[in-house]
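**Q** Predicted coordinates and the sequence they were generated for:
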Amino acid sequence: MKVKVPVEKKLTGDKAPKEETFKFILEGINAERKSELSITGEGKGEFEEIVLDQVGTYTYYITEVDTQLEHYTYDQQRYALVVTVKTDDIGNLKSSVELKDDKGNPVNEVRFTNMYKEPDQPSPKQTETEPKDSTTDATTEVTISTETAQSTEKPTEKDTESKKTESSETESQAQNVATGDPSKPEVWAGILLLSMMSILLLLRIRGQDKKS
């Protein structure tokens, strides 16, 4: 008794840049049999014939191998093939075949459908980079260097004397504001003379008052 198991490969989604090869496995429930099948691109193929010469019920599972091809989504379907072998009235072997999907529903064929999706293309904004303005960077570095030089420059002796002179003039101006301007002695002499004359006049008036 021989059983043939055909497989169909379908592809959906975007058009792939080249045809890839896909692999499929047929394996017995007790690992009593295992065979492989390869199909390139879309198409059909057949596993090696299953030869059965004894009465019994044989169960096989058919799956696709996930070979990790980029941008493909693999079909995770797992088909169950149940072959029952019996003898007729005269002792000849006869078989019946039942094919089910992974949900237990009866199906007529083994078909795997993979989907291909083109990789996303980066947008122009992501690929373009703004050119670096070397002139601006150079100006910034020069400015920083100049400020550093000014902050660390030591004062010269001329600068120190100039600062002392300015400080003395400032103190002198402050004293002049507080006590008056001492640079005009004739003014002070006149004030002093008037003060003495006023005192003498007052003393004289008091003396006359006493006599009277």
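**A** Arrived safely, thanks for sending.
**Q** Next one, pLDDT for Thr12 please.
**A** In the prediction, the pLDDT value recorded for Thr12 is 97.
**Q** correction: Lys163
**A** According to the prediction, Lys163 has pLDDT 54.
**Q** go on, Asp209?
**A** Checking the pLDDT column for Asp209, the value is 65.
**Q** how about the helices in this protein?
**A** Counting by DSSP state H, the chain has these helices, from start to end: 124-127, 134-152, 157-179, 185-211.
**Q** Among the ones you listed, show the one with the smallest mean pLDDT.
**A** The stretch with the lowest mean pLDDT among these is helix 134-152, which comes in at a mean of 43.
**Q** Name all residues that make contact with the residue lying closest to Glu48 once chain neighbours are set aside.
**A** Here the nearest residue to Glu48 in space, its sequence neighbours aside, is Ser35; by CB to CB, 6 or more residues apart in numbering that works out to 4.8 Å. For every residue, glycine as well, the C-beta is placed using N, CA and C. With contacts defined as CB atoms under 8 Å, 6 or more residues apart in numbering, the neighbours of Ser35 are 25-26, 47-48.
**Q** and Ser35, how far is that from Phe22?
**A** As judged by CB to CB, to the nearest Å, Ser35 and Phe22 stand 15 Å apart.
**Q** Equivalent analysis for Thr67, please.
**A** As for Thr67, its distance to Phe22 is 7 Å (criterion: CB to CB).
**Q** For the two, indicate the residue with more neighbours.
**A** Remark: of Thr67 and Phe22, Phe22 carries more neighbours, 26 against 11, as counted by other CB atoms under 10 Å.
**Q** The more buried one and Gln68 touch, don't they?
**A** No. Shown here, Phe22 and Gln68 do not form a contact pair, counting by CB atoms under 8 Å, at 11.8 Å.
**Q** Now for those two: what residues contact both?
**A** Common neighbours of Phe22 and Gln68 (CB under 8 Å, 6+ apart) do not exist.
**Q** returning to that earlier point: identify, from the contacts of Ser35, the entry nearest to Tyr74.
**A** Tyr74 has its nearest neighbour among the contacts of Ser35 in Ile25, at 13.0 Å by CB to CB.
**Q** Make sure that closest one is actually in contact with Thr63.
**A** Yes. Applying CB under 8 Å as the test, Ile25 and Thr63 come out as touching, 5.6 Å apart.
**Q** Settle it for me: which of the two has more neighbours?
**A** Neighbours of Ile25 and Thr63, each counted by other CB under 10 Å, are more numerous for Thr63; the result is 19 against 15.
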